[in-house]
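Q: Sequence and predicted structure below; questions after.
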Amino acid sequence: MSEFFKVLPPGEACTVWLEQVTHLAETEAISTYDALGRIAAQPARSLEALPAFQRSTVDGYAVQAASTFGASDSIPAYLRVVGEIPMGQTATVTVGGEDAALIHTGGMIPPGADSVVMVEHTQVFSETEIEVLRPVAPGENVLQVGEDVTPGTEILPAGHRIQPQDIGALLALGLTEISVARKPHICLFSTGDELVDPAVRDLSPCQIRDINSGTIRALCDREGADAQIMGIVPDNPASLYDTMTSTFAQADMLVVTAGSSVSVRDMTAAVINRLGKPGVLVHGVAARPGKPTILAVVDGKPVIGLPGNPVSAIVMFSLFGVPAIAQLLGAELPFRVKIQARAAANVPSAAGREDYVPVCLFTREGEQWARPVFGKSGLIFTLVGAHGLLKVPLNATGLREGTWGEVILF
């Protein structure tokens, strides 16, 4: 057996790899109503001012502020009511120096008025007159034209992941369509003569169901990509090459599970190098689980070779596949929720690698604790019920019980 490859720390490996990825997903125009979670392909700009007219932020009376100066409970200002401002219509009354016009939240400020007295600070004196019990300053309780947005303002930058409030802002400006990055098309392959479709009920001896395709597809879906399971490929270099070649043109990224370790059956790296340049850039990362991961680029497109062990595949795709999808989308890396927690048991490691240990979280005396779920990387059920991964830093030899560590939440 050949000597194992030279490994790189995960952060360095990801940088070396993604620097060579130049491919971007195509763009498409979609309804703003359907844009939640999508990535803006270009800046969205306002075509108009918002608000487009001066409007009240409260229920009350539109007045000239100077007419209320000095008003108090004991010495109120008396103003003549000249009318009411109808909602959704242009104001038809003019407010003079001793006048007031009844107005509702969102109503248009009438000509002559420069502020609004809250209804709570007034009292009806007669059918045509009110008492003002508090003074207001010019502009108080009034939204000015363009106070929220002026014409030409960038509403959303390119690469922005659209949130519910963004949809509201776009619709407020009449932008009912937006250009977004098309969901990257990712082709998923599983290799191994021992693999069978998960639908198979009665397994023959030495057969196992393919679960990596399903879990990686779920991770792709969560990150805004369109993943397609291409099926199980036999442990045969020619079959893998033919299958990957036939799908390469339609894909934005290729992901292969298994066939990445150094052994007589290692074939993924060799096949990827046949696909195009520059080929394999990283073969091995200083991490556990997932050391034999392959990171490659072919004609600007990212290609990943994941270990066949389910836990390794999930952890490594989270470290490398997720940022690759973000780059294909032209987006920033999505935020991952990380918390600090105390290790509830000793966690062994070796200096020179990052360890990612599944943990279950619990609270003890007001502090967050992480109970390690130890198990081999081939056992998917070590992740079921776990809340996240406890990270052991690159140059640490482990974490002692009670030591604070970083937990990346699922």
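A: Yep, that arrived.
Q: measure residue 65 to residue 248 for me?
A: Separation of residue 65 from residue 248 (C-beta to C-beta, to the nearest Å): 69 Å. Where C-beta positions appear, they are placed from N, C-alpha and C, glycine not excepted.
Q: Now do the same contact list for the residue nearest the centre of the chain.
A: Central residue of the chain (C-alpha atoms, centre = their mean): residue 334, 4.2 Å from the mean position. Residue 334 makes contact with 161, 223, 322, 326 under the criterion C-beta atoms under 8 Å, 6 or more residues apart in numbering.
Q: That one falls within a helix, correct?
A: No. If the criterion is DSSP: H, G, I helix; E, B strand; the rest coil, then residue 334 is coil and not within a helix.
Q: Show the residue spans covered by the strands in the stretch 201-350 of the chain.
A: Using DSSP state E, counting those that start in this stretch, the strands of the stretch 201-350 of the chain run over residues 208-209, 226-233, 253-257, 278-283, 287-288, 294-298, 301-306, 338-343, 347-348.
Q: so which of these gets nearest residue 91?
A: Comparing those by their distance to residue 91 (C-beta to C-beta), the top pick is strand 226-233, with 51.3 Å.
Q: now the closest one: how far from the chain's centre is it?
A: Offset of strand 226-233 from its chain centre (C-alpha atoms, centre = their mean, to the nearest Å): 24 Å.
Q: Lowest average pLDDT across the strands of the stretch 201-350 of the chain?
A: Lowest mean pLDDT of these: strand 208-209, a mean of 90.
Q: Show me what it packs onto, helices and strands only.
A: strand 195-196 (3 or more C-beta pairs under 8 Å, 6 or more residues apart in numbering; DSSP states H and E).
Q: if we can go back for a sec, mind checking which of the strands of the stretch 201-350 of the chain is nearest residue 8?
A: Going by C-beta to C-beta, the one of the strands of the stretch 201-350 of the chain nearest residue 8 is strand 278-283, 5.8 Å.
Q: Farthest-apart pair in the contacts of residue 334, please.
A: 161 and 322 (12.9 Å).
Q: for the longest strand belonging to the chain, which positions count as buried?
A: Determined from DSSP state E, the single longest strand within the chain is strand 354-364. Buried residues in strand 354-364, counted by 16 or more other C-beta atoms under 10 Å: 354, 355, 356, 357, 358, 359, 361.
Q: Show me what that strand is packed against.
A: By 3+ C-beta pairs under 8 Å, 6+ apart, strand 354-364 packs against strand 287-288, strand 338-343, strand 367-372, strand 388-392, strand 404-409.
Q: Would you map the helices across this protein?
A: 10-18, 164-172, 212-222, 237-248, 268-275, 310-316, 322-329 (DSSP state H).
Q: Tell me which residue of this protein is furthest from the middle?
A: The C-alpha centroid of the chain is most remote from residue 126, which lies 57.4 Å away (C-alpha atoms, centre = their mean).
Q: dump the residue contacts of residue 56.
A: Residue 56 makes contacts with 62, 103, 104, 105, 106, 107, 109, 116, 141, 142, 143, as judged by C-beta under 8 Å, 6+ apart.
Q: Filter these down to the ones in strands?
A: Using DSSP E, the subset of the contacts of residue 56 located in strands is 62, 103, 116, 142, 143.
Q: Excluding residues flanking it in the chain, which one is nearest the first one?
A: Ranked by C-beta to C-beta, 6 or more residues apart in numbering and with sequence neighbours excluded, the top spatial neighbour of residue 62 is residue 113, at 3.8 Å.
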